[in-house]
Every structure is written in C-alpha cells, then in structure tokens.
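A.B. asks: take a look and give me a structure for this.
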Amino acid sequence: MSNGNKKVKNVFEAILEYGHDEDFVPSHDEQFMATDAPAGSEEKIEALRRRVLEGQPLWHREDREDYSGLTGAVRPRE
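C.D. replies: Predicted coordinates for the structure are as follows:
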C-alpha cells in the first residue's frame, strides 16, 4: 500500500494504487460518531467526506434520518 502522495489520473490508476472496494473493510473506532446534520447539508456532506478519508463506514445507525425539528427560511416564489 502506498503513502497516498501519488496523484492518480483515473479510476484504473486508483485501483492499481489503492486497491478496490472489494478489499475495503471500514474501521469502527472511537472517532466514528453520529451526526445530527440533515441530509444534503454542507455539514452532512463534510461528515461523509471525513468518514471516507478516515476509512469509516458512510452511514452511522444514529445519524439523523429526517428533517423533524428543523426550521429554515422560506423564500416566496417569484
């Protein structure tokens, strides 16, 4: 396995350099925590990006599942 400093140009080079998802086993450590961020929010996307970079599963069983309790600005239609 490489140190991750090589820039790959396409998916085939990435597979050769890092392997493929059939070899991937996500790590469940103390850093893998749920997020209350709603789906599609910048915060949720950042949490998912961080999980990928840290080799964790994408989804936590205690992640927010809906939009209940949230309020937001409503813009009138033009």
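
A.B. asks: contacts and neighbour counts: CA atoms only from here.
C.D. replies: Will do.

A.B. asks: how about residue 55, what does it touch?
C.D. replies: Neighbour list for residue 55: 25, 26, 27 [criterion: CA atoms under 8 Å, 6 or more residues apart in numbering].

A.B. asks: how about JSON lines for these, with neighbour count added?
C.D. replies: As requested, those are arranged in JSON lines below (neighbours: other CA atoms under 10 Å):
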{"residue": "25", "neighbour count": "10"}
{"residue": "26", "neighbour count": "13"}
{"residue": "27", "neighbour count": "13"}
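
A.B. asks: of the residues you listed, closest to residue 13?
C.D. replies: Relative to residue 13, the closest of the contacts of residue 55 is residue 25; by CA to CA it sits at 20.3 Å.

A.B. asks: so that closest one, which of the three states?
C.D. replies: For residue 25, the assignment made with DSSP: H, G, I helix; E, B strand; the rest coil gives coil.

A.B. asks: for it, give me its contacts.
C.D. replies: Residues counted as contacts of residue 25 (CA under 8 Å, 6+ apart) are residue 55.
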